[in-house]
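>>> I'll drop the sequence and a predicted model, then ask my questions.
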Amino acid sequence: MPVLPYEPVPCKQCGGILNPYASVDFYGKIWVCPICYTRCHFPPHYQGISEQSVPAELYPQYTTVEYTLNRTVPLHPPTYLFVVDTCVAEDELQACKSTITQVLQMIPEESHVGLVTFGTHVHVHELGFSECSKCFVFRGSKEYTSAQVVDQLGMRPVAPTRPGQPPAPPGRQFILPLADVNCETAINNVLQDLQRDPFPVPTTDRPARCTGTAMQVAEALMSASIPPGSCMARVMLFTGGPTTEGMGKIVNRDLTEEVRSHKDLAKDAAPHFRKAKKYYDALAAEMVSHGHICDIFCAALDNTGLFEMKEMIQLTGGQCVLTDSFTNPVFKDSLKRMFTSEDNEGFLGMSSHATLDVLPSRDIKISGTLGCCARSDKKSAAVADTEVGLGGTCQWKLAGLDADSTVAVMFEITGNGSALQDQSGQAPQLFIQFITRYMHWTGQLRCRVTTLTRFWTDGSNSADLINGFDQETAAALMARLATHKMETEDDFDPTRFLDRSLIRLCQRFAEYRKDDAQSFILHSNLQYFPQFMFNLRRSQFVQVFGVAPDETASHRLVLFKMPVLDALAMFQPQLVSYSFNGVEPALLDVSSIMPERILLLDAFFYVVIFHGATVAQWRKEGYQDRPEHEAFKQLLEAPKAEAQQIARRRFPVPKIVDCDQNGSQARFLLAKLNPSATYNNSTAAMSSEVIMTDDVSLQVFTEHLKRLAVQS
């Protein structure tokens with residue numbers, strides 16, 4: 001994609017950017033905006049253009065280009081504020097401190113860092129005080145405003161001594177560049193000396209953990225230290241348990257009170273949920289207004305409150321990692337991956353301070369977006385009355401984004417279709433332009449412009465509609481839409497919603513004779529969509545029984561951020577078979593399990609290496625160590641190498657599960673396979689594995705779909 005070293009040329013009416021679909025009058029130096037049909041003059045420095053000499057943005061192949069913009073705010077180095085939980089076990093705290101210390105060695109020296117620790121109370125460490133370790137303490141059970149925090153930290157700018165002088169910077173130094181010797185020494189000393197929260201915890205109580213207060217203090221500190229819009233500013237929370245103290249509390253300290261479950265949330269039986277959710281939502285709005293990014297790393301077997309804090313990540317475009325322990329490689333590798341340099345594999349390309357503007361043609365309205373972004377207050381005539389996701393605007397803010405960040409934009413067709421053909425007899429074109437202004441990871445301000453065009457078609461023309469249908473993208477979008485409705489609509493049944501949507505699609509676009517299921521045929525562009533919906537119905541996004549709310553929140557956050565193929569892998573995993581006959585794709589079915597096969601399942605959040613019974617027995621006998629069985633050794637190593645390759649390029653880093661047939665961890669694979677052979681059907685005798693479930697198989701699901709789609 002080309003990066004043009006100059007600013008874009010906007011339309012004077014709608015703000016659209018000059019693009020290859022614009023009509024150009026080279027003689028009069030005028031271009032016509034394809035979105036609003038306004039005639040615009042080229043700026044003076046474009047006066048030399050001609051049919052033989054055109055700017056890059058008019059090249060037909062450059063429908064997506066980037067421009068470099070002039071800075072209006074002085075550049076500030078990237079800033080990271082670490083917020084560390086001390087109410088964890090000693091080995092957990094040591095693992096967390098060790099990983100953060102390693103990360104500090106990976107961060108560029110010009111970056112600024114700060115440290116806040118919390119337990120019963122919140123400690124803000126002053127890294128610029130070299131004489132000794134010094135910190136400011138905030139009571140964990142008290143509610144603070146940002147102004148109160150700034151005043152108590154002494155962060156207010158000092159008034160000028162003479163008229164006309166700018167205010168002097170505050171004397172306190174909590175966030176400093178790593179290149180500063182005092183800062184590097186101080187933060188390493190604080191981490192080295194950091195101990196568990198000293199307040200005693202009775203055996204009948206949970207520790208007093210004031211996560212909400214700590215995040216409020218951290219956000220106030222960050223906003224007072226960094227000029228708005230000047231750099232990428234990340235507040236990184238490391239927590240190891242539920243919030244039990246102060247604002248944002250999700251459960252009382254008494255262990256007899258259970259942490260809320262999905263059943264409690266559905267019945268409105270979680271006494272702290274609404275208050276905590278309101279508190280964290282307000283904190284998320286404050287972060288969005290300042291352009292700060294929130295990253296949360298949860299390492300606990302219990303719920304930590306991520307379900308309530310989800311908006312802080314989703315609205316700011318932050319990262320989320322959920323593990324059972326700070327000693328887990330998933331946590332360690334994921335945190336290090338965030339600071340991988342540009343020339344290394346796994347670089348995330350993290351950028352910041354982005355805005356997304358959407359400009360559609362007439363007869364198209366913007367309903368909203370589904371993704372990790374926050375709505376802006378910008379209005380236009382193209383905004384639809386009916387909202388889907390975050391609607392009511394034509395501009396969205398993305399405080400943080402990376403190379404994988406994806407936003408789904410929903411549109412409403414408002415035209416009546418009365419003029420589907422122009423004078424030449426051809427269907428007219430529609431245009432949609434996406435304008436993303438953001439701060440690149442190099443510090444440059446850039447503007448990425450993508451202009452799309454499609455032809456209008458009559459709604460009764462099924463062939464045109466099917467040819468433009470992308471079943472993978474549609475499945476990923478349905479997953480986002482269903483999970484969004486689950487969170488925002490009361491008594492919403494996601495399974496019924498997905499089933500009815502699929503039935504209506506098949507009734508509209510399949511070929512069949514009424515009341516004859518045997519005649520049912522789907523177009524090739526639709527043939528895998530029922531299978532995608534079948535697996536989505538069975539996935540963790542729809543079936544939340546037995547799943548912790550925090551785990552659900554973590555999965556949904558990643559779903560709303562990832563591109564199509566990664567999102568698809570979350571509920572439609574990829575299965576590959578390794579055998580002496582070679583490597584080949586395998587059906588996501590229990591029949592793919594064979595004794596002499598190794599299966600590799602990529603379910604995005606985890607990667608399973610599954611050894612068939614015979615292969616596992618050969619491995620236990622040590623055949624791979626014998627020279628005459630070199631081929632068997634290579635067979636065992638091939639799926640492991642591929643699993644490591646997947647882990648190196650993915651964020652969050654997936655869990656790698658190495659298991660054998662009939663082993664306890666084989667459940668990770670069996671839970672994702674189509675149960676074509678179960679304990680109560682006749683095909684079980686012909687299968688090498690049987691799944692103990694009452695779930696229907698894909699074949700039964702498809703038969704029911706055909707029968708319902710063709711009925712009169």
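Okay, I see it.

>>> Helices along the stretch 51-200 of the chain, start to end?
Taking DSSP state H, counting those that start in this stretch, the helices of the stretch 51-200 of the chain run over residues 90-106, 146-153, 181-193.

>>> Kindly reformat the ones you listed as TSV containing mean neighbour count and distance to residue 57.
Yep, even glycine has a C-beta here, placed from its N, CA and C like the rest. Shown next, in TSV, are the helices of the stretch 51-200 of the chain (neighbours: other Cβ atoms under 10 Å; distance: least, Cβ to Cβ, whole Å):
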stretch	mean neighbour count	distance to residue 57
helix 90-106	17	37
helix 146-153	17	42
helix 181-193	16	44
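
>>> State the distance from residue 326 to residue 124.
As judged by Cβ to Cβ, to the nearest Å, residue 326 and residue 124 stand 22 Å apart.

>>> And for residue 404?
33 Å.

>>> ditto for residue 11
Distance from residue 11 to residue 124, counting by Cβ to Cβ: 48 Å.

>>> More neighbours: the two, which one.
residue 124 (26 against 22; other Cβ atoms under 10 Å).

>>> Can you name the residues bridging to that one?
residue 116, residue 136 (DSSP bridges).

>>> In contact with the residue nearest to residue 287 when sequence neighbours are not counted: list those residues for me.
Spatial nearest neighbour of residue 287, excluding adjacent residues (Cβ to Cβ, 6 or more residues apart in numbering): residue 316 at 5.2 Å. Residues counted as contacts of residue 316 (Cβ atoms under 8 Å, 6 or more residues apart in numbering) are 284, 287, 288, 292, 293, 294, 372, 374, 399, 400.

>>> what about the most centrally placed residue in the chain, which helix or strand?
What sits nearest the mean C-alpha location of the chain, by Cα atoms, centre = their mean, is residue 561, with 2.6 Å. Using DSSP states H and E, residue 561 sits within no helix or strand.

>>> Residue 85: neighbouring residues, count only.
When counting by other Cβ under 10 Å, one arrives at 29 neighbours for residue 85.

>>> Run through the residues that contact it.
Counting by Cβ under 8 Å, 6+ apart, residue 85 has contacts 96, 117, 118, 119, 209, 211, 237, 238, 239, 240, 241.

>>> would residue 520 count as being in a strand?
Yes - assessed with DSSP: H, G, I helix; E, B strand; the rest coil, residue 520 lies in a strand.

>>> hmm, back to that, is it correct that the residue nearest to residue 287 falls within a helix?
No - with three-state DSSP as the criterion, residue 316 is coil rather than part of a helix.

>>> What score does residue 416 have for pLDDT?
Note on residue 416: pLDDT of 56.

>>> Next one: the residue nearest to the centre of the chain from residue 373, what distance?
10 Å.

>>> what's the answer for residue 261, then?
29 Å.

>>> neighbour-wise, which of these two wins?
residue 373 (28 against 18).

>>> Report the spatially closest residue to the more buried one, excluding sequence-adjacent ones.
residue 396 (4.2 Å).

>>> counting contacts, what elements does the helix or strand where the one you found lies pack onto?
Take DSSP H and E as the rule and residue 396 turns out to sit in strand 395-401. Counting contacts by 3 or more Cβ pairs under 8 Å, 6 or more residues apart in numbering; DSSP states H and E, strand 395-401 is packed against helix 273-290, strand 292-299, strand 351-360, strand 374-375.

>>> ok, so of the contacts of residue 85, who is nearest residue 196?
residue 119 (7.6 Å; Cβ to Cβ).

>>> Pull the number of nearby residues for that closest one.
Neighbours of residue 119 (other Cβ under 10 Å): 24.

>>> okay, it: pLDDT?
pLDDT, read off for residue 119, is 95.

>>> my read: it touches residue 211, true?
No - using Cβ atoms under 8 Å, residue 119 makes no contact with residue 211, being 10.0 Å away.

>>> Name all residues that make contact with the nearest residue to residue 393 once chain neighbours are set aside.
For residue 393, ignoring the flanking residues on the chain, the nearest one in space by Cβ to Cβ, 6+ apart is residue 375 at 4.9 Å. The contact partners of residue 375, taken as Cβ under 8 Å, 6+ apart, are 369, 390, 391, 392, 393, 396, 397.

>>> three-state assignment of residue 618?
Per three-state DSSP, residue 618 ends up helix.

>>> Show the contacting residues for it.
624, 632.

>>> so how far is residue 635 from it?
9 Å.

>>> circling back to that earlier point, ok, what's across the strand from the residue nearest to residue 393?
Beta-bridge partners, per DSSP bridges, of residue 375: residue 396.

>>> Local confidence estimate at it?
pLDDT at residue 375 comes out at 94.

>>> residue ranges with poor pLDDT in the protein?
Within the chain, the segments meeting pLDDT under 70 span 130, 157-172, 416-426, 682-688.

>>> Between residue 561 and residue 373, which contacts overlap?
residue 317.

>>> still on that earlier bit, wait, doesn't the residue nearest to residue 373 sit right on residue 368?
No - applying Cβ under 8 Å, one finds residue 396 not in contact with residue 368, separated by 9.2 Å.
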